[in-house]
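Q: Build me a structure from this.
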Amino acid sequence: MDRTRPLTLLLAGSLAAGGLLALTPAAQAADTELARNGGLEAGLDGWTCTAGSGAVVASPVHGGTKALQATPAGSDNAKCSQTVTVKPNSSYTLSGWVRGSYVYLGASGTGTTDVSTWTGSAPDWQKLTTSFTTGASTTSVTIYTHGWYGTPAYQADDLSLYGPGGDPVQLPAAPTGLTAGSPTSTTVPLTWTAVSGATSYHVYQGSTRVQTVTAPSATVSGLTASTPYTFTVTAVNSAGESPKSGAVTATTTSGGGGGGGGLPAHALVGYLHASFANGSGYTRMADVPDSWDVIDLAFGEPTSVTSGDIRFSLCPATECPGVESPAEFKAAIKAKQAAGKKVLISIGGQNGQVQLATTAARDTFVSSVSKIIDEYGLDGLDIDFEGHSLSLQTGDTDFRNPTSPVIVNLIQAVKTLKAKYGANFVLTMAPETFFVQLGYQYYGSGPWGGQDPRAGAYLPVIHALRDDLTLLHVQDYNSGSIMGLDNQYHSMGGADFHIAMTDMLLTGFPVAGNTDRFFPALRPEQVAIGLPASTQAGNGHTAPAEVNKALDCLTKKTNCGSYQTHGTWPSLRGLMTWSVNWDRYNQWQFSKNFDAYTWN
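A: This next block holds a predicted model:
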C-alpha cells in the first residue's frame, strides 16, 4: 500500500539463448524417425508449449494439413518441446521447417554439447538443421523450437529427429502402497511406493485427474471440509500410463481456511492510516463507519529491513492534528469489536520492507508482533509485504516446497502466531499482482535465470498457509498488465481486470506454465478484491459501476464482457480498499457503493 504515490513493479531481465551449429555425422544403418507427431497432424499430441503459447493451424503449412503456430508474449518466448528416447554414444540429426522472425530449433539434455540453430528472418518456409552426439549414459533428449521476445507468432512444421531409436520403453506397473496422511479441512496428503521406470505420476480424485507429479507423493488441495474423497494413482512414462493403483479414501476435517474469522458473508476491508498522515487526512478509530467489517491498522514497520523487530505507534500529534490518545484508541478498538468488527495490525506497506532472512529475525518477528497484538487487543494479522520483502533464491522453483529463507521463515512465523492465538486468529494478506497472478507466466528467476526473483514470490506463502488464511485480497491496482487464464493481457481500471485476476485465484493455475506445479484454487469465501478508494489513492481506480460489473460476473455470471470465468462464486467474500481515509476524502463513495450492492 502506498502512503504517498503509486509503486510500479517491473519485470527485470530476459532469458538468454545461443546458437551452436555442429557438423552433421553420417546416418547409421539403424537410423529411424524418432520425433512424435512432427508434422502436427495430430494436433499438439506429444508437444508441450509454455504458458499456452502454442496452437495448431491449417494455414500456413509446409506439409500435410497442419502446422504449429506459437506466439511469444511478454518474457515468454513460446517454447514448444518434446522428450525423445535415444541411445547413448549415438549421432542424431535434428531438422524442421520454420516461418517467422527469430525462430530457434534445438536439443537439450544431450549429455555432451546441447545444440541450437536459428533464423533471423524467414518470410517463407525455411529449413533448419543441426546435429549432436549423445553422452555415454544419455537415454533421452528434449527437442524444441521457440521464437523471441516481442516478435510476432512463428510457425513450425515437419520437425524431425533422425537417428538410432532407444531401447523400447516398457509400460510402468501400477503404483502400490497408496496411503493418505492426516487430512486438513481442505487438503489430503498422499504417498505411495515409487515405480521403476516411471517418469511421473497422475493423481486421480474419483475419476478426475487432479495432479501430475514426479515424486511418489502429492497433496491434493482445494477440498471441502468434512467430506470423504477417494484417490488413485497411476505411473507414467513415454510408453503410456499404467493401470490405476488401489484406491484410498480420506475424509477432510471440519472448519478450515482460517474460518470466516466471524465475518459476515460479504465483508468490506479497509486500511486505516493510524501511524502516519498523508493527503487524505487523519481519521480517528471511533469515526470509522460501521460499513467496515475489517479494519487494518497501517502500518507496523521494522526497526531495520532484516531485524524482524516490528513496531507500531499512533501518528504523532504534530503530524496528525486531532489524533486520539492511546487509551482512546484502544477503547475505540474494543467498541468496534463489540459491534462485530475485526481490527488487525498490517505489517509492511510500501515503506516497511521486511526480510526474515534468519531464524533470529523470524523469532523476533513473532515476539514483536505478539506484543502489538496483545497491547492493542487485536484480532489478528495482515501481511502486506511489498517491494523487496519477498524474493526467491536461484534454484527455488517449486512453490510447494520453498527453500528461500525469507519465504520459509515467514511461513513458520505466521504458523507460530496462529498456533499461539488459536482458531479465532484472523489472517489476511494483501500482495500485489506481481507476486501472485504474474506467477502464471513467471516464477522467480526462472529455469535459465535472468527473471525478476520476486515474480510469483507470494505463492509459496499463500499455499503453505491456505488452511490458516481468512482472506486474500490481492491489490488489483498499481499494476502492470497481467496475463489471465485466457492467455490475454488485462489492464487495471475496469471490470475486466478484476474479473480475470479473481478468476485465477478461484480456478487455480499452472505456475510458470508448468502443469506439474499447479497452484490450487482458493475457496471463494477466502477471497476479496482489492481496489483503491479514489483516484488519489493509487493507479487503477475503478468506477463504482465497473466494480459492480465485476461482482455481477463473479457471483452471478452476468455482465462478464469478453472474459468468460471458469465458474460462478456467489460466496465471494467481498472487497478491500486502500483506504478508509481516502474513502472519507472521497465522500465515502466506495463504502456506500458496497453497502448498496445486491449480492443475491
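
Q: tell me the contacts of Val213?
A: Listed by C-beta atoms under 8 Å, 6 or more residues apart in numbering, the contact set of Val213 reads Ser200, Tyr201, Val203, Asp516. For glycine as for every other residue, the C-beta is placed from the backbone atoms N, C-alpha and C.

Q: Would you mind measuring the gap between the ends of stretch 250-267?
A: End-to-end distance of stretch 250-267 (C-alpha to C-alpha, to the nearest Å): 33 Å.

Q: related to what we said a few turns ago, in helices, which of the contacts of Val213 fall?
A: Judged by DSSP state H, helices contain none of the contacts of Val213.

Q: What distance do you get for the residue positioned nearest the centre of the chain to Thr110?
A: For the chain, the residue nearest the mean C-alpha position is Gly439 (4.0 Å; C-alpha atoms, centre = their mean). Look at Gly439 and Thr110: by C-beta to C-beta, to the nearest Å, they are 31 Å apart.

Q: Gly165 too?
A: Distance, Gly165 to Thr110, by C-beta to C-beta: 16 Å.

Q: Pick out whichever of those two has more residues nearby.
A: Thr110 (20 against 15; other C-beta atoms under 10 Å).

Q: mind checking pLDDT for the more buried one?
A: Listed pLDDT for Thr110 reads 95.

Q: The stretch 501-600 of the chain: strands as residue ranges?
A: 509-511, 514-519, 527-532, 574-578 (DSSP state E, counting those that start in this stretch).

Q: Tabulate those in CSV, adding columns for mean pLDDT.
A: Below are these laid out as CSV (pLDDT from 0 to 100):
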stretch, mean pLDDT
strand 509-511, 92
strand 514-519, 84
strand 527-532, 97
strand 574-578, 98
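
Q: Let's have those in a markdown table, adding mean neighbour count and distance to His463.
A: A markdown table is the format used below for the strands of the stretch 501-600 of the chain (neighbours: other C-beta atoms under 10 Å; distance: least, C-beta to C-beta, whole Å):
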| stretch | mean neighbour count | distance to His463 |
| --- | --- | --- |
| strand 509-511 | 22 | 10 |
| strand 514-519 | 18 | 7 |
| strand 527-532 | 26 | 14 |
| strand 574-578 | 27 | 20 |
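
Q: And these: which comes nearest Val406?
A: strand 509-511 (18.4 Å; C-beta to C-beta).

Q: contact partners of the closest one?
A: Residues outside strand 509-511 that contact it (C-beta under 8 Å, 6+ apart) are Phe399, Gly439, Tyr440, Tyr443, Gly456, Leu459, Leu485, Asp516, Arg517, Phe518, Phe519.

Q: residues of stretch 137-151 that come out buried?
A: Thr138, Ser140, Val141, Ile143, Tyr144, Thr145, His146, Gly147, Trp148 (16 or more other C-beta atoms under 10 Å).

Q: what does stretch 180-197 give?
A: Ala180, Pro183, Thr184, Ser185, Thr186, Thr187, Val188, Pro189, Leu190, Thr191, Trp192, Val195.

Q: ok so Asp374 is a helix residue?
A: Yes. Counting by DSSP: H, G, I helix; E, B strand; the rest coil, Asp374 is part of a helix.

Q: Could you give the number of residues near it?
A: Neighbours of Asp374 (other C-beta under 10 Å): 10.

Q: Quickly note the distance from it to Leu471.
A: Distance from Asp374 to Leu471, by C-beta to C-beta: 22 Å.

Q: next one: Cys560
A: When C-beta to C-beta is the yardstick, Cys560 and Leu471 sit 24 Å from each other.

Q: Which of the two has more residues huddled nearby?
A: A count of neighbours by other C-beta under 10 Å puts Leu471 above the other of Cys560 and Leu471, at 29 against 19.

Q: one step back: from what I see, the residue nearest to the centre of the chain and Phe519 are in contact.
A: Yes. Using C-beta atoms under 8 Å, Gly439 is in contact with Phe519, at 6.9 Å.

Q: which neighbours do these two share?
A: Listed as contacting both Gly439 and Phe519 by C-beta under 8 Å, 6+ apart are Phe399, Leu459, Phe509, Val511.

Q: And the last one, how far from Ala455?
A: Val511 sits 10 Å away from Ala455 when distances are taken as C-beta to C-beta.

Q: what about Phe385, neighbour count?
A: Other residues lying near Phe385 total 25 when counted by other C-beta under 10 Å.

Q: ok, now which ones touch it?
A: Phe385 is in contact with Ile347, Gly348, Val354, Leu410, Pro431, Tyr458, counting by C-beta under 8 Å, 6+ apart.

Q: Can you add pLDDT and give those residues back as TSV?
A: Formatted as TSV, those follow (pLDDT from 0 to 100):
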residue	pLDDT
Ile347	97
Gly348	92
Val354	96
Leu410	97
Pro431	97
Tyr458	98
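
Q: Nearest to Trp47, out of the residues you listed: which one, please.
A: Tyr458 (31.3 Å).

Q: Ramachandran angles for that closest one?
A: Here is the backbone geometry of Tyr458 (degrees, to the nearest 10): phi -80, psi -20.

Q: Might you report the residue contacts of it?
A: Contacts of Tyr458 (C-beta under 8 Å, 6+ apart): Phe385, Leu390, Met429, Pro431, Phe435, Val436.

Q: How much space separates it from Gly380?
A: Where Gly380 is concerned, Tyr458 sits at a distance of 18 Å (C-beta to C-beta).

Q: Can you lay out the contacts of Phe385 as JSON lines showing distance to Gly222?
A: Shown next, in JSON lines, are the contacts of Phe385 (distance: C-beta to C-beta, whole Å):
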{"residue": "Ile347", "distance to Gly222": "27"}
{"residue": "Gly348", "distance to Gly222": "27"}
{"residue": "Val354", "distance to Gly222": "29"}
{"residue": "Leu410", "distance to Gly222": "22"}
{"residue": "Pro431", "distance to Gly222": "19"}
{"residue": "Tyr458", "distance to Gly222": "18"}
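
Q: Counting only strands, which of those make the cut?
A: Mapping the contacts of Phe385 onto strands (DSSP state E) picks out Ile347, Gly348.

Q: where does the stretch 51-200 of the chain have low pLDDT?
A: For the stretch 51-200 of the chain, applying pLDDT under 70 flags the ranges 51-52, 75.

Q: What is the neighbour count of Thr535?
A: Using other C-beta under 10 Å, Thr535 has 12 neighbouring residues.

Q: Ok, Gly377 next?
A: Neighbour count of Gly377, defined by other C-beta under 10 Å: 11.

Q: Could you pull up the residues touching it?
A: Gly377 makes contacts with Lys330, Ile333, Lys334, Gln337, as judged by C-beta under 8 Å, 6+ apart.

Q: Let's test this: mean pLDDT of stretch 475-488, rounded?
A: Stretch 475-488 carries an average pLDDT of 93.

Q: outside of stretch 197-206, which residues touch it?
A: Contacts of stretch 197-206 (C-beta under 8 Å, 6+ apart): 169-170, 172, 175, 190, 192, 195, 209-214, 216, 218, 220, 229-238, 241-242, 244, 516.

Q: Please export the C-alpha coordinates of it as PDB.
A: Output in PDB follows, covering the C-alpha atoms of stretch 197-206 (Å, rounded to 0.1, in the frame of the first residue of the first chain):
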ATOM      1  CA  GLY A 197      10.800 -46.700 -15.000                       C
ATOM      2  CA  ALA A 198       8.100 -44.100 -14.100                       C
ATOM      3  CA  THR A 199       8.900 -40.500 -15.100                       C
ATOM      4  CA  SER A 200       5.800 -39.000 -13.500                       C
ATOM      5  CA  TYR A 201       2.500 -40.000 -11.700                       C
ATOM      6  CA  HIS A 202      -1.100 -39.000 -12.300                       C
ATOM      7  CA  VAL A 203      -3.200 -38.400  -9.200                       C
ATOM      8  CA  TYR A 204      -7.000 -39.000  -9.500                       C
ATOM      9  CA  GLN A 205      -9.700 -37.700  -7.300                       C
ATOM     10  CA  GLY A 206     -12.600 -40.100  -8.100                       C
END
